[in-house]
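S.K.: Provide a 3D model corresponding to the input given below.
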Amino acid sequence: MLSIPVNLGLPRTPRLITSLPGPRAQAIVQRDRAVTSPSYTRDYPLVVARGEGCMVEDVDGNVFLDMTAGIAVTATGHAHPEVVKAIQEQSARLLHMSGTDFYYEPMVELAEQLAIRAPFPQPQSNAAFPAKVFFTNSGAESNEGAIKLARYYTKRSLIIAFLGAFHGRTYGAMSLTGSKAVQRANFGPLVPGVTHIPYGTHASLDYLEKQLFGTILPPQEVAAIVVEPIQGEGGYIVPEDGFLQRIRDICDHHGILMVVDEVQAGMGRTGRLFAIEHWGVMPDIITTAKGIASGLPLGAILARPELMTWPPGSHATTFGGNPVACAAGIATLRLLESSLMINATQMGEILQTGLTQLHQIFPRVSLPRGKGLMVAVDLLDEQGNLDHTLRDRIIQEAFLRGLLLLGCGKAAIRFCPPLIIDSNQIQIALQIISDIL
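M.R.: Modelled structure (predicted):
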């Protein structure tokens with residue numbers, strides 16, 4: 001086993017002390033290749049030893065500025081002391097009992113905290129909550145459950161999803177996903193009854209209403225429209241004004257449930273707890289995960305109480321709502337509301353301003369798009385077409401300079417750092433990208 005260098009604290013800026021990957025990292029990568037599935041996607045040979053705030057240290061002692069947050073997961077930063085304390089205290093009391101069969105307070109408390117904040121209509125009774133909650137282990141599992149709940153409640157079978165969407169890789173979630181062919185290739189047949197349409201435009205909804213509903217997609221047989229408020233893997237695409245409200249109107253007109261996938265966009269990343277709040281639209285079901293517990297495996301389905309009527313045993317999970325993950329979720333929610341959602345809004349504005357200036361200097365970088373700290377730019381060729389080769393080169397070069405980035409969409413770089421990032425760290429990231437260009 002390789003020893004790992006230990007420091008008292010990580011610097012808040014990149015620090016590279018070896019060539020990349022370093023010798024320890026190279027050894028672990030070789031070990032990994034011998035025993036793990038080739039289906040994992042690794043953009044560059046980063047072998048992480050520990051993290052602190054927006055910084056991560058590899059096994060050779062190199063320190064990187066992280067603009068990925070473990071794919072938008074570590075919302076409060078790596079190893080936030082309040083989250084770590086909550087995990088330690090809960091793990092010393094109870095690691096697991098399964099909320100499917102038993103009760104424990106952390107699960108109830110987090111469900112109460114989420115339910116009272118759900119952007120659903122307020123109940124008539126002051127004693128009632130506007131939502132009921134089912135806890136899962138991941139975003140894919142949340143979306144699987146949402147499909148089941150929508151079909152169970154409506155007694156309908158058809159689902160509408162969107163091209164470019166990513167909802168997970170398990171069979172039901174993969175059937176909704178329309179992001180990349182490799183995610184679906186050679187896995188058929190998938191769950192039947194799912195129709196995909198283009199995302200984010202009124203022209204797409206015109207096509208749905210004027211063509212599909214009248215020909216091959218009877219609206220009275222549609223259980224749900226599943227939509228991301230901002231498309232994640234599809235490229236951090238913000239929809240046209242009125243798009244989400246129009247989906248709500250279509251659903252109301254035909255008795256269809258509006259299911260909003262907040263797995264990547266939710267939990268404070270856009271400056272609101274749920275991104276759908278930016279548009280003032282109230283969905284019927286929300287799915288969430290990623291940032292909900294700052295890195296512990298946890299997801300949730302939130303539904304209006306009158307929808308969550310499935311009986312005991314119809315849907316369950318062994319590990320979903322684990323007490324340690326719920327304790328981390330409670331601490332995460334407290335931190336989000338105390339300062340981090342405000343910081344996401346403020347730092348997002350600084351990031352978009354800086355990326356706009358980058359575009360003015362380097363026209364092959366598009367204007368930025370997004371909300372809060374869910375921001376992306378496309379990379380273009382000299383003719384203005386999307387250039388995934390340039391995007392991939394920039395991501396690789398950034399790694400070699402101590403900056404962690406990820407792509408999304410066809411040629412986009414996404415910026416989804418921990419929500420504790422400060423303006424100096426944003427400027428460092430922008431300067432590294434500028435130097436690369």
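S.K.: If you count residues, where's the longest helix of the chain?
M.R.: helix 341-361 (DSSP state H).
S.K.: helices or strands next to that one in the packing?
M.R.: strand 369-371, strand 374-378, helix 423-436 (3 or more Cβ pairs under 8 Å, 6 or more residues apart in numbering; DSSP states H and E). Every C-beta, even on glycine, is put in place using the N, C-alpha and C of the backbone.
S.K.: how distant is it from the center of its chain?
M.R.: 20 Å (Cα atoms, centre = their mean, to the nearest Å).
S.K.: buried residues in it?
M.R.: 341, 343-345, 347-348, 351-352, 354-355, 358-359 (16 or more other Cβ atoms under 10 Å).
S.K.: just checking, Thr332 touches Val83?
M.R.: Yes. Using Cβ atoms under 8 Å, Thr332 makes contact with Val83 at a distance of 6.1 Å.
S.K.: From Pro312, how far out is Glu141?
M.R.: In this view, Glu141 and Pro312 are 19 Å apart by Cβ to Cβ, to the nearest Å.
S.K.: Remind me which helix or strand the residue most central in space within the chain belongs to.
M.R.: By Cα atoms, centre = their mean, the chain has its centre lying nearest to Gln264, at 1.6 Å. Under the criterion DSSP states H and E, no helix or strand holds Gln264.
S.K.: and it, what is it in contact with?
M.R.: 71-72, 139, 166, 228, 230, 232-233, 290, 374, 416 (Cβ atoms under 8 Å, 6 or more residues apart in numbering).
S.K.: Show the model's pLDDT score for it.
M.R.: Gln264 carries a pLDDT value of 98.
S.K.: likewise Ala128?
M.R.: pLDDT, Ala128: 83.
S.K.: Help me confirm that it is found in a strand?
M.R.: No. Assigned with DSSP: H, G, I helix; E, B strand; the rest coil, Ala128 falls outside any strand and is coil.
S.K.: just checking, it touches Glu306?
M.R.: No. If you go by Cβ under 8 Å, Ala128 and Glu306 don't touch, sitting 10.5 Å apart.
S.K.: Redo the buried residues of helix 341-361 as a markdown table? Include distance to Gly295 and pLDDT.
M.R.: Formatted as a markdown table, the buried residues of helix 341-361 follow (distance: Cβ to Cβ, whole Å; pLDDT from 0 to 100):
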| residue | distance to Gly295 | pLDDT |
| --- | --- | --- |
| Met341 | 18 | 98 |
| Asn343 | 18 | 98 |
| Ala344 | 17 | 98 |
| Thr345 | 22 | 98 |
| Met347 | 20 | 98 |
| Gly348 | 21 | 98 |
| Leu351 | 22 | 98 |
| Gln352 | 26 | 98 |
| Gly354 | 27 | 98 |
| Leu355 | 27 | 98 |
| Leu358 | 30 | 98 |
| His359 | 33 | 98 |
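S.K.: quick one: the residue nearest to the centre of the chain and Phe129, what's the gap?
M.R.: In this structure, Gln264 and Phe129 are 25 Å apart, going by Cβ to Cβ.
S.K.: what's the answer for Gly372, then?
M.R.: 26 Å.
S.K.: Comparing these two, which residue is more hemmed in?
M.R.: Neighbours around Gly372 and Phe129, counted as other Cβ atoms under 10 Å, are more numerous at Gly372. The numbers are 26 against 18.
S.K.: wouldn't the more buried one be in contact with Gly348 here?
M.R.: Yes. At 4.2 Å, Gly372 and Gly348 qualify as touching, with contact defined as Cβ under 8 Å.
S.K.: so what sits against both of the two?
M.R.: In contact with both Gly372 and Gly348: 270-271, using Cβ under 8 Å, 6+ apart.
S.K.: chain center to stretch 219-233, what's the gap?
M.R.: Distance of stretch 219-233 from the chain centroid (Cα atoms, centre = their mean) equals 16 Å.
S.K.: Would you mind listing the buried residues in the host helix or strand of Asp392?
M.R.: Using DSSP H and E, the element containing Asp392 is helix 388-400. Within helix 388-400, the residues scored as buried using 16+ other Cβ under 10 Å are 390-391, 394-395, 397-399.
S.K.: if I pick the closest residue to Glu209 other than its chain neighbours, what's in contact with it?
M.R.: Leaving aside its sequence neighbours, Glu209 sits nearest to Ile250 (Cβ to Cβ, 6 or more residues apart in numbering; 6.7 Å). Contacts for Ile250 (Cβ under 8 Å, 6+ apart) come out as 205, 208-209, 225, 256.
S.K.: Roughly how far does Tyr236 sit from Leu437?
M.R.: 20 Å.
S.K.: Those two - which one has more neighbours?
M.R.: Using other Cβ under 10 Å as the criterion, Tyr236 and Leu437 rank with Tyr236 on top: 26 against 14.
S.K.: Distance of Glu382 relative to Leu390?
M.R.: 10 Å.
S.K.: same deal with Asn137?
M.R.: 37 Å.
S.K.: Would you enumerate the residues in contact with the nearest residue to Lys180 once chain neighbours are set aside?
M.R.: The shortest distance from Lys180 to any non-neighbouring residue, by Cβ to Cβ, 6+ apart, is to Glu233 (7.8 Å). By Cβ under 8 Å, 6+ apart, the residues touching Glu233 are 164-166, 179-180, 264, 408-409.
S.K.: How many residues are close by the nearest residue to Phe399 once chain neighbours are set aside?
M.R.: Distances taken as Cβ to Cβ, 6+ apart put Tyr44 closest to Phe399, at 4.3 Å, once the chain neighbours are dropped. By other Cβ under 10 Å, the residues close to Tyr44 number 15.
S.K.: for Pro130, same thing?
M.R.: Quick note: Pro130 (other Cβ under 10 Å) scores 17 neighbours.
S.K.: List the contacts of it.
M.R.: Here Pro130 is in contact with 115-116, 118, 120-123, 304-305 (Cβ under 8 Å, 6+ apart).
S.K.: Of those, select the buried ones using a ChimeraX command.
M.R.: Buried subset of the contacts of Pro130, written as a ChimeraX selection, criterion 16+ other Cβ under 10 Å:
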select :115,118,120,304
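S.K.: buried residues in the one helix or strand Ala115 maps to?
M.R.: Applying DSSP H and E as the criterion places Ala115 in helix 105-117. Residues 106-107, 110-111, 113-115, 117 are the ones in helix 105-117 that count as buried (16+ other Cβ under 10 Å).
S.K.: do stretch 316-332 as well
M.R.: 317, 319-332.
S.K.: For these, work out which two are farthest apart.
M.R.: Spanning the widest gap among these are Thr317 and Ala331, at 21.9 Å by Cβ to Cβ.
S.K.: Can you get me a residue count around Arg15?
M.R.: 16.
S.K.: One more: Phe213?
M.R.: Phe213 has 16 nearby residues by other Cβ under 10 Å.
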